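>>> need coordinates for the below:
(4 chains)
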There are 4 protein chains.
Amino acid sequence: MLEELKERVCAANLALVRQGLVVLTWGNASAIDRERGLVVIKPSGVPYDTMKPEDMVVVDLEGRVAEGRFRPSSDTPTHLALYKAFKSVGGVVHTHSIHATAWAQAARPIPNLGTTHADVFHTDVPVTDEIPDGRIREAYEEATGTSIIETFRRLGIDPGETPAALAVHHGPFAWGQTVEKAVEHAVTLEAVAEMAERTLTLNPVARMNPAMTEKHYSRKHGPSAYYGQLRPANGN
Amino acid sequence: MLEELKERVCAANLALVRQGLVVLTWGNASAIDRERGLVVIKPSGVPYDTMKPEDMVVVDLEGRVAEGRFRPSSDTPTHLALYKAFKSVGGVVHTHSIHATAWAQAARPIPNLGTTHADVFHTDVPVTDEIPDGRIREAYEEATGTSIIETFRRLGIDPGETPAALAVHHGPFAWGQTVEKAVEHAVTLEAVAEMAERTLTLNPVARMNPAMTEKHYSRKHGPSAYYGQLRPANGN
Amino acid sequence: MLEELKERVCAANLALVRQGLVVLTWGNASAIDRERGLVVIKPSGVPYDTMKPEDMVVVDLEGRVAEGRFRPSSDTPTHLALYKAFKSVGGVVHTHSIHATAWAQAARPIPNLGTTHADVFHTDVPVTDEIPDGRIREAYEEATGTSIIETFRRLGIDPGETPAALAVHHGPFAWGQTVEKAVEHAVTLEAVAEMAERTLTLNPVARMNPAMTEKHYSRKHGPSAYYGQLRPANGN
Amino acid sequence: MLEELKERVCAANLALVRQGLVVLTWGNASAIDRERGLVVIKPSGVPYDTMKPEDMVVVDLEGRVAEGRFRPSSDTPTHLALYKAFKSVGGVVHTHSIHATAWAQAARPIPNLGTTHADVFHTDVPVTDEIPDGRIREAYEEATGTSIIETFRRLGIDPGETPAALAVHHGPFAWGQTVEKAVEHAVTLEAVAEMAERTLTLNPVARMNPAMTEKHYSRKHGPSAYYGQLRPANGN
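Model (predicted):
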């Protein structure tokens, strides 16, 4: 069942380790088959050095396991919330990569300070609002997904144009049309998180001019360059 | 004698190197056999690239060598003090990993600023009080262990819930129910030490809200999730 | 056609990855055959792990493809502008290496704070002026090259003596008599960018004395040491 | 001639690369045969990946080549000055390692902030005084050595107890009874340079208490522990 997608999701999880984004087992990647409404996700607690495609878990959009020997990642409800709200997303990645997590812990969005950022993210990468205590206590993982969705809605950011968010006090989530793109966006996010921290150390009022921001984003994502572009999930 | 434990302790010492926590030979891991009251620990001054299980040293809780061609690590008295005071601890790790050591040298506890920390450590990771000069001059290594124990008692921290400490001006110690868990906690400590330093650079008043702290800790350690949990050594 | 140069340009692109200057595919190297007026450059979007010399693209100085199955790097107009203005340059390298990019994003030149810098760069490594909005919208990549050339002219810096620049809000470009030298200069630039950031953290008014600056540069580049020296492109 | 010493010096140079202290070719190690008054040192400009013991150069204490196909490292006069002044030194290492070089560029000594430092260096690691312009212009490399020697004398530091120095605006030199010990001291220096920078970020007034400084140094270097100890070159 979904053998090819399992291979790709397994490869994406291993790519996160190879790219240095994962300490111990703190990361997970998933992909969705939109036609069947099924999500393939990393199992919980299987070590990376023996992880195989057949260990991946298949769940439906309500989180019921459709296939798999293992329990799915404990972050599964967050992934599912994102797939349900962001219709064009094909893959989701979560890590605790050091620099992006530091911004999440600082409760600050990552500002768009250069072309490395602007090539991939159209806006600052937002940080979610604090989750109310009541929602933390119940259905916390789903609440993490909901807080990302609400933050994008409130700020009017298109999740297809800025394919990542920082869950406050927690860490980064990134997504893309495919799970491979989601991994690329997670790698980019970690690099721009480090660059932005260092930039502000060197110049606390650094800021890129808007014309350059637009140029770089539209080079890769404008109407004349659909390559790699995610269509927005809704009109926000 | 204790062949299986020697293999695990040897593997744990090599894991510290592989995880990037050890510069030159500045690190050691040990494990205890509680029934026999014997501790297996890294020998002093044996290079990592030739270290074998049979090089490990077996000592009793008073530090007398029960087996082994080599002298035990010079930090053995610190390990023994921890085993004697923290009854549920099965493994102890000491390193001079860069970021955790910087916090120890700064004489500051590592604040609980995010879920990476809260998943493993229930409180800030404490830094020990200054050791009085007299105790530094005599039985210094044992005094390091005693200062950790007293700091946990004074702050009312359960060593089973926050399985690490910073020895002031010195470096981190981590422990766990097994030596493998102790290594995991040492790896986590180094990551959260780096994240916390970077977080405070970005936001000097960063702080996680208490509901989230509790949620993350209890996900992995609450009454309904005993997995990986250490029972406290005493009622503190 | 230009088989030997293709091998060297391919090797230079792979060296950028091995030296840790390239995240994902954010980098490119090129070399020029001055006699034929042809430039060999990395193709756009070919992954590094399968990149072969025959994948390199040959273009003339107006950017017309003379040979190659792939499209040339999107930064090709910047490379060509530099070859046209700086006559002694034989190779050009562009990366988004973390530390040099942070200085570019901060819109600050990298100050000449030590002998590591002075051995290779005779002056501070300049950052380009902001590119006017109109030029950003049209022929942006060429404008990046032009802005480097104009910045060197305005500051009176000899591009043969300081073989690198920071494109503001974007990232570093480095060059040399050969593409191998350009790679070396890009590696040096990243190291001195990190050293300078850390130096200013430790001492915000750090500065090397001028006699030492001259001594170190002239050891490797003075009239009595032509080794590795680029002749200036013009009298500036 | 001196075949065994050539092997050790070659291995030491390669160890500097493996330990991450050397960017490109910026580093060199040497060792002395005190009986014959001959020094074995790295050749200038031979790439590390093909470097062999027989490439090492043998020079006498006046810098005359006694054997070798290549020219000796351009830093040879600095090494020779140290061997002549510090009689117990058997090996010398110079690198441009990032963190130690940042302290040198900042013209600040590395403060003794923790046991990692105190285990190897008895005092702060000093930074040399500015070299007068006249001496920079002539015999600069020898002047670098002289400035280290004079700085130790002025501060009353025993080079056997603090086996490293920062050449101002330049970078670190480390030494030891053997070239292997000199490499270890260079590795330690880079680690404590990074730890000290991070410690002062977290606590600008951090300082270790003197009793702990003495305890840690004397554990490894006191009258009852000669292991690894260098005897001072003179009474300073």
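
>>> so where is chain A shaky, pLDDT-wise?
Scanning chain A for pLDDT under 70 picks out A:222-236.

>>> for A:L2, give its distance to B:V187.
33 Å (CB to CB, to the nearest Å). Every residue, glycine included, has its C-beta placed from N, CA and C.

>>> and those two? which has more neighbours close in?
B:V187 (22 against 19; other CB atoms under 10 Å in any protein chain shown).

>>> in space, what's closest to that one - neighbours in sequence excluded?
Leaving aside its sequence neighbours, B:V187 sits nearest to B:Q19 (CB to CB, 6 or more residues apart in numbering or on different chains; 5.1 Å).

>>> tell me the contacts of the one you found?
B:V183, B:A186, B:V187, B:E190 (CB atoms under 8 Å, 6 or more residues apart in numbering or on different chains).

>>> am I right that A:T199 falls within a strand?
No. According to DSSP: H, G, I helix; E, B strand; the rest coil, A:T199 belongs to no strand; its state is helix.

>>> isn't it right up against A:A206?
Yes. At 5.0 Å, A:T199 and A:A206 qualify as touching, with contact defined as CB atoms under 8 Å.

>>> would you mind listing what in chain A touches chain C?
By CB under 8 Å from any CB of the partner chain, the residues of chain A that approach chain C are A:113-116, A:184, A:187-188, A:191, A:194-196, A:198-203, A:206, A:208-209, A:211-212, A:215, A:219.

>>> give me the buried entries from those residues.
For the residues of chain A next to chain C, a neighbour count by 16 or more other CB atoms under 10 Å in any protein chain shown gives the buried set as A:113-116, A:184, A:187-188, A:191, A:194-196, A:198-203, A:206, A:208, A:211-212, A:215, A:219.

>>> just the ones of these in helices?
A:115-116, A:184, A:187-188, A:191, A:194-196, A:198-202, A:211-212, A:215, A:219 (DSSP state H).

>>> please, where are all the helices along chain A?
Using DSSP H, the helices of chain A run over A:3-18, A:76-85, A:98-105, A:115-118, A:133-137, A:140-155, A:179-202, A:210-221.

>>> go through these and pick out the most buried.
helix A:98-105 (a mean of 28; mean count of other CB atoms under 10 Å in any protein chain shown).

>>> okay, the angle between that helix and helix B:179-202?
Helix A:98-105 and helix B:179-202 are oriented at 60 degrees to each other (axes from the mean of the first three to the mean of the last three CA atoms, to 10 degrees).

>>> could you see whether chain B lies near helix A:98-105?
Yes. Helix A:98-105 lies within reach of chain B by CB under 8 Å from any CB, at A:I98, A:H99, A:T101, A:A102, A:W103, A:A104, A:Q105.

>>> shared neighbours of A:T199 and A:A206, which are they?
With CB under 8 Å, 6+ apart, A:T199 and A:A206 have common neighbours A:L113, C:Q105, C:A106.

>>> and of those residues, the nearest to chain B?
A:L113 (13.3 Å; CB to the nearest CB).

>>> give me the nearest residue to that closest one, chain neighbours excluded.
Closest to A:L113 by CB to CB, 6+ apart is C:Q105, at 4.6 Å.

>>> for the one you found, give me its contacts.
A:L113, A:G114, A:M195, A:A196, A:T199, A:N203, A:A206, A:M208, C:H169 are the contacts of C:Q105 under CB under 8 Å, 6+ apart.

>>> what residue is smack in the middle of chain A?
A:A174 (1.3 Å; CA atoms, centre = their mean).

>>> for that residue, give its distance to A:L21.
10 Å.

>>> any common contacting residues for the two?
A:A186.

>>> residues contacting whichever residue of chain A sits closest to chain D?
Nearest to chain D, among the residues of chain A, is A:T201, at 10.4 Å (CB to the nearest CB). Going by CB under 8 Å, 6+ apart, A:T201 touches B:T201, C:A102, C:E197, C:T201.

>>> show me what from chain A comes close to chain B.
A:23-24, A:26, A:74, A:96, A:98-99, A:101-108, A:130-131, A:133, A:136-137, A:140, A:169-171, A:197, A:200-201.

>>> let's see 7 Å
Counting by CB under 7 Å from any CB of the partner chain, chain A comes close to chain B at A:23-24, A:26, A:96, A:98-99, A:101-108, A:130, A:133, A:136-137, A:140, A:169-171, A:197.

>>> show me what contacts A:I110?
A:W103, A:D124, A:V125, A:V192, A:A193, A:A196 (CB atoms under 7 Å, 6 or more residues apart in numbering or on different chains).

>>> ok, the nearest residue to it once chain neighbours are set aside to chain B distance?
Spatial nearest neighbour of A:I110, chain neighbours left out: A:V125 (4.2 Å); criterion: CB to CB, 6+ apart. As judged by CB to the nearest CB, to the nearest Å, A:V125 and chain B stand 13 Å apart.

>>> how about A:V125, what does it touch?
Residues in contact with A:V125 (CB under 7 Å, 6+ apart) are A:P109, A:I110, A:T162, A:A164, A:A165, A:L166, A:L189.

>>> and the first one, its phi and psi?
Think A:P109. phi -70, psi 150 (degrees, to the nearest 10).

>>> and it, how many neighbours?
19.

>>> give the contact list for the spatially closest residue to A:T116 that is not a sequence neighbour.
Once flanking residues are discounted, A:T116 sits nearest to C:H96: 4.9 Å by CB to CB, 6+ apart. Taking CB under 7 Å, 6+ apart, we find C:H96 in contact with A:T116, C:V23, C:W26, C:G27, C:G171.

>>> hey, C-alpha coordinates of stretch A:181-193 in CSV?
Taking C-alpha atoms only, stretch A:181-193 is exported to CSV below (Å, rounded to 0.1, in the frame of the first residue of the first chain):
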residue,chain,number,x,y,z
LYS,A,181,10.3,20.2,-1.2
ALA,A,182,9.3,20.2,2.4
VAL,A,183,12.8,18.9,3.3
GLU,A,184,14.4,21.6,1.2
HIS,A,185,12.3,24.3,2.9
ALA,A,186,13.3,22.9,6.3
VAL,A,187,17.0,23.1,5.3
THR,A,188,16.6,26.6,4.0
LEU,A,189,14.8,27.7,7.1
GLU,A,190,17.6,26.5,9.3
ALA,A,191,20.2,28.4,7.2
VAL,A,192,18.2,31.6,7.1
ALA,A,193,17.6,31.3,10.9
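
>>> what does stretch A:174-181 contact?
In contact with stretch A:174-181 (CB under 7 Å, 6+ apart) are residues A:8-9, A:12, A:29, A:31, A:82, A:86, A:88-93, A:163-164, A:182, A:184-186, A:189, A:228, A:230.

>>> A:I149 reaches A:A85, doesn't it?
Yes. If you go by CB atoms under 7 Å, A:I149 and A:A85 touch, sitting 4.4 Å apart.

>>> hmm, back to that, relative to chain C, how far out is the residue nearest to A:I110?
Taking CB to the nearest CB, one finds A:V125 at 15 Å from chain C.
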